[in-house]
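Asks: Predicted model, plus sequence, below.
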Amino acid sequence: MSVCNSKGPIRRVVFLFLACLSVYIYLFTSTFGGIKSSAVFKVVDVNLQAVSQDKIVSTTEVVNIHSNVDKEVVNIHSNVDKEQFQKYRTRISKKESVPLLTLFITWNYNLEKDLVHNITVFNWMSLNPFVIPVVFTNDSDVSADCSRNGWKVLPVLVTAAEGVPVLKYMYRDVMEKYNTTFYAYTNADILFTDTLLDSLVQIITNISLDLTQPALIVGKRTNVKNLTSDEGSTWYNITKTAKDRGTLYTIWAVDYFITTRSFPWHDIAEVVIGRRAYDNWLVFHSRKMNYSVIDITSTVLAVHQTTKAGNKEGHSHKNSDYNHNLLIKMYKMVKYHVGVIACIEKYTKYEYGNFSIKTRDYRKSCEAS
């Protein structure tokens, strides 16, 4: 067939349209897969149906944000000033400065998660003395193992949903027990590198975050299936493994919650950990209250050790709808879509080696009020 045939341009246009449509559908299902089948996100279902009416972040807009962050996180490297951190380490050892962060989790003994927990124990200790690792547990075996490896141990005092720890009381307990600049909860299968230390120090020293005011610093995780003990043994190995075979998770997932001491946890709903819905609600609530909310996904590598339980383990637990039911009872309606990572106005970024906090473009669909 001649390239000058008049039907050629039309066919090419049709082919290009179909190709673009296929990519669009793939990205849409990858980004939002699983949400519409979730009972927790009934409110979100209605909001997603309004995409064509411009009542929520457009699908194209969200996909673009997600793709851009993916590219950034793959190339995360530590920009730690070793001399600065050595001085900080010395000040902490002399008790001239408080540690940077109290980082806490909770778990009970689980044979299937034994390797995951062991890797986490040693990974978090690698952040010492800048980070105080704490496990909340009433399991004597977990308590003994963690204590033996330098961790602090606190009992779980307040539970709901048939024995699941209530988040706000865990923050209360670590704040009463340990004096650090920040406090953070995450899941027991999340690993960090020195990029966490670097970003928090940069926020304090270069951005001058007002620590007397409530602040919520959050980020997404990078999923790595079946991480080995060798891959999780050093910051370098974790970073390389994440780059080689890691996948940044959906914009709906918020995987760690770093707050200042001034964050008013006493006013927060009694949501439980490990059950869906509380993460997006917490971001939405903090934005609505005009607290400082910062997304540090682009400068902090947080690796999720993905096992056969998958990436939606909280959806399969008993009482998986507990938080949603509690929040709907309290607030009647919850704008979960306003609590996604893409709606957080402030985010951290390195440009030409310089750390900065950027502001995302205004989107009416992300308004929290």
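Replies: Thanks, I have it.
Asks: where does the stretch 51-200 of the chain dip in pLDDT?
Replies: Applying pLDDT under 70 to the stretch 51-200 of the chain picks out residues 51-75.
Asks: What are the boundaries of the helices in the stretch 201-350 of the chain?
Replies: Shown for the stretch 201-350 of the chain, the helices assigned by DSSP state H, counting those that start in this stretch span residues 235-245, 278-288, 313-316, 322-331.
Asks: Least confident of those helices, on average?
Replies: Set side by side, these differ in mean pLDDT, and helix 313-316 is lowest with a mean of 51.
Asks: can you pull the contacts of the residue nearest the centre of the chain?
Replies: Most central in the chain under CA atoms, centre = their mean is residue 255, positioned 2.5 Å from the mean C-alpha point. When contacts are counted by CB atoms under 8 Å, 6 or more residues apart in numbering, residue 255 touches 186-187, 190, 218-221, 249, 279, 302, 304. Bear in mind the C-beta positions are built from the backbone N, C-alpha and C, glycine included.
Asks: most neighbours per residue, which of the helices of the stretch 201-350 of the chain?
Replies: For the helices of the stretch 201-350 of the chain, the largest average neighbour count (mean count of other CB atoms under 10 Å) is found in helix 278-288, namely a mean of 23.
Asks: So what's the gap between it and the chain middle?
Replies: 13 Å (CA atoms, centre = their mean, to the nearest Å).
Asks: Same question for stretch 225-233.
Replies: 20 Å.
Asks: Equivalent analysis for stretch 178-192, please.
Replies: Offset of stretch 178-192 from its chain centre (CA atoms, centre = their mean): 11 Å.
Asks: Can you show me the CA trace of it as PDB?
Replies: Provided in PDB are the C-alpha atoms of stretch 178-192 (Å, rounded to 0.1, in the frame of the first residue of the first chain):
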ATOM      1  CA  TYR A 178      10.000   9.700  75.400                       C
ATOM      2  CA  ASN A 179      11.200  13.200  74.600                       C
ATOM      3  CA  THR A 180      11.900  13.600  70.900                       C
ATOM      4  CA  THR A 181      11.300  16.200  68.200                       C
ATOM      5  CA  PHE A 182       8.800  14.000  66.200                       C
ATOM      6  CA  TYR A 183       6.600  11.000  66.800                       C
ATOM      7  CA  ALA A 184       5.500   8.500  64.200                       C
ATOM      8  CA  TYR A 185       3.500   5.400  63.700                       C
ATOM      9  CA  THR A 186       3.900   3.000  60.700                       C
ATOM     10  CA  ASN A 187       3.300  -0.700  60.000                       C
ATOM     11  CA  ALA A 188       5.600  -3.400  61.200                       C
ATOM     12  CA  ASP A 189       6.800  -4.200  57.700                       C
ATOM     13  CA  ILE A 190       8.100  -0.800  56.700                       C
ATOM     14  CA  LEU A 191      11.800  -0.200  56.300                       C
ATOM     15  CA  PHE A 192      13.500   3.200  56.200                       C
END
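Asks: Distance to residue 368 for the contacts of residue 255 - can I get that in JSON lines?
Replies: Below are the contacts of residue 255 laid out as JSON lines (distance: CB to CB, whole Å):
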{"residue": "186", "distance to residue 368": "23"}
{"residue": "187", "distance to residue 368": "25"}
{"residue": "190", "distance to residue 368": "26"}
{"residue": "218", "distance to residue 368": "14"}
{"residue": "219", "distance to residue 368": "19"}
{"residue": "220", "distance to residue 368": "19"}
{"residue": "221", "distance to residue 368": "23"}
{"residue": "249", "distance to residue 368": "22"}
{"residue": "279", "distance to residue 368": "15"}
{"residue": "302", "distance to residue 368": "24"}
{"residue": "304", "distance to residue 368": "27"}
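Asks: and which of those is nearest to residue 290?
Replies: Nearest to residue 290 among the contacts of residue 255 is residue 218, at 16.1 Å by CB to CB.
Asks: What is the neighbour count of the closest residue to that closest one other than its chain neighbours?
Replies: Closest residue in space to residue 218, ignoring its immediate chain neighbours: residue 254 at 4.9 Å, by CB to CB, 6 or more residues apart in numbering. Residues lying near residue 254 (other CB atoms under 10 Å) number 24.
Asks: Does residue 254 touch residue 343 like I think?
Replies: No. Applying CB atoms under 8 Å, one finds residue 254 not in contact with residue 343, separated by 11.0 Å.
Asks: in the stretch 151-300 of the chain, which spans are strands?
Replies: Along the stretch 151-300 of the chain, the stretches classed as strands by DSSP state E, counting those that start in this stretch are 152-154, 159-160, 164-165, 182-186, 190-192, 215-219, 222-225, 247-248, 256-260, 292-295.
Asks: which stretches of the stretch 251-369 of the chain have low pLDDT?
Replies: 309-317.
Asks: and with 80 instead?
Replies: Regions of the stretch 251-369 of the chain meeting the criterion pLDDT under 80 cover residues 308-317.
Asks: what about residue 82, how many neighbours?
Replies: Per other CB under 10 Å, the neighbour tally for residue 82 reads 9.
Asks: distance of residue 115 from residue 269?
Replies: Look at residue 115 and residue 269: by CB to CB, to the nearest Å, they are 34 Å apart.
Asks: What residues does residue 226 make contact with?
Replies: Listed by CB under 8 Å, 6+ apart, the contact set of residue 226 reads 306-307.
Asks: Name the nearest residue to residue 230, ignoring sequence neighbours.
Replies: Closest residue to residue 230 apart from its sequence neighbours, by CB to CB, 6+ apart: residue 237 at 6.6 Å.
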